[in-house]
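In: give me coordinates for this.
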Amino acid sequence: MRRRTVLATAGAVTALAWGEWLNRRWSRTLVPNGRGAASAVVVLGYRNPQVRANAVNRWRVRAGIRSIGAGAERDARLIFSGGAVGSGVPEARLMAAYARSVLGFEGTVLLDERSATTWENIANVLPLLENTDRIEIVSQPAHALKARAYLRRQRPDLAERVGRADDYRPGEWLIVKPLLALYGLWTLRGLTADERRPPRRTAPSAAAPVARGSGGRKSAAR
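Out: Reported below is the predicted structural model:
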């Protein structure tokens, strides 16, 4: 009995750690500009059958606002993207209402109320991103990564301006992160290997040793 308890506990801890690691990894993939103040934050909607923003959309709104950074609200655009997929009211409008009436957000808010898919989320906000220096996309990490990959496919020039949003924090959504990781693996199956992996960090290379071969020729050691 005790051994089974220990094994069950170890399995649960391993699952939580795996979910945490994978979500963290996704949050750092396809973000060439790292962290910093954003001039445009795109918040992706989630299916919402109620007349008010549901728990997932409320969290995404909070993550979008905190992604802007303290003191930067006046200079940034908060873009909500999502059509009337789950009800007669567009997700974007529900999220905007929550940001204004509940969270008291006073910055610039723009809406895309037509999108029904992640591909459309990106395609429909492109005109709102043209003159922005830095872009962040907010959702659960796997979904946000999928959107960043679609931005790179549709507009690689704008994808170079993408930074890391504050939609991943250690311990947040901890219990459900293994489920989010499993769902993320399924939803990201259409991405290429290059789109799935964060860039490798390469340490500054020191001067390579030189080996002298016959005839005085030089070849760099590998």
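In: which stretches in this structure count as helices?
Out: With helices called from DSSP state H, the chain shows them at 2-27, 55-68, 91-97, 118-129, 141-154, 156-159, 177-187, 193-196.
In: and the third one, average pLDDT?
Out: Averaged across helix 91-97, pLDDT comes to 97.
In: try the second one
Out: In this model, helix 55-68 carries a mean pLDDT of 96.
In: quick revisit: out of the helices of the chain, which gets nearest to residue 109?
Out: Among the helices of the chain, the nearest to residue 109 by Cβ to Cβ is helix 91-97 (5.3 Å). C-beta coordinates here come from the backbone N, C-alpha and C atoms, glycine included.
In: hmm, back to that, nearest to residue 135 among the helices of the chain would be which one?
Out: Closest to residue 135 of those, according to Cβ to Cβ: helix 118-129, at 5.7 Å.
In: list the residues that contact the closest residue to residue 150 other than its chain neighbours.
Out: Excluding the flanking residues, the one nearest residue 150 by Cβ to Cβ, 6 or more residues apart in numbering is residue 122, at 4.6 Å. Contacts here follow Cβ atoms under 8 Å, 6 or more residues apart in numbering; on that basis residue 122 touches 147, 150-151, 154.
In: and what of residue 10?
Out: By Cβ under 8 Å, 6+ apart, the contact set of residue 10 is empty.
In: now swap in residue 94 and tell me
Out: By Cβ under 8 Å, 6+ apart, the contact set of residue 94 is 45, 48, 51-53, 57.
In: ok, now how distant is it from residue 114?
Out: Per Cβ to Cβ, to the nearest Å, residue 94 is found 15 Å from residue 114.
In: what number of residues lie near the residue lying closest to residue 97 once chain neighbours are set aside?
Out: Nearest non-adjacent residue to residue 97, counting by Cβ to Cβ, 6+ apart: residue 53, 7.2 Å away. For residue 53, the neighbour count with other Cβ atoms under 10 Å is 25.
In: what does residue 14 give?
Out: Neighbours of residue 14 (other Cβ under 10 Å): 11.
In: can you check residue 73 too?
Out: By other Cβ under 10 Å, 14 other residues sit near residue 73.
In: and the residue nearest the centre of the protein?
Out: Geometric centre of the chain, nearest residue: residue 144, 3.4 Å, by Cα atoms, centre = their mean.
In: may I ask which helix or strand of this structure has the lowest mean pLDDT?
Out: None of the helices or strands of the chain scores lower by mean pLDDT, DSSP states H and E than strand 218-220, at a mean of 34.
In: ok, now which ones touch the closest residue in space to residue 22 that isn't next to it in sequence?
Out: Spatial nearest neighbour of residue 22, chain neighbours left out: residue 181 (4.3 Å); criterion: Cβ to Cβ, 6+ apart. Residue 181 sits next to 18-19, 22-23, 142 when contact means Cβ under 8 Å, 6+ apart.
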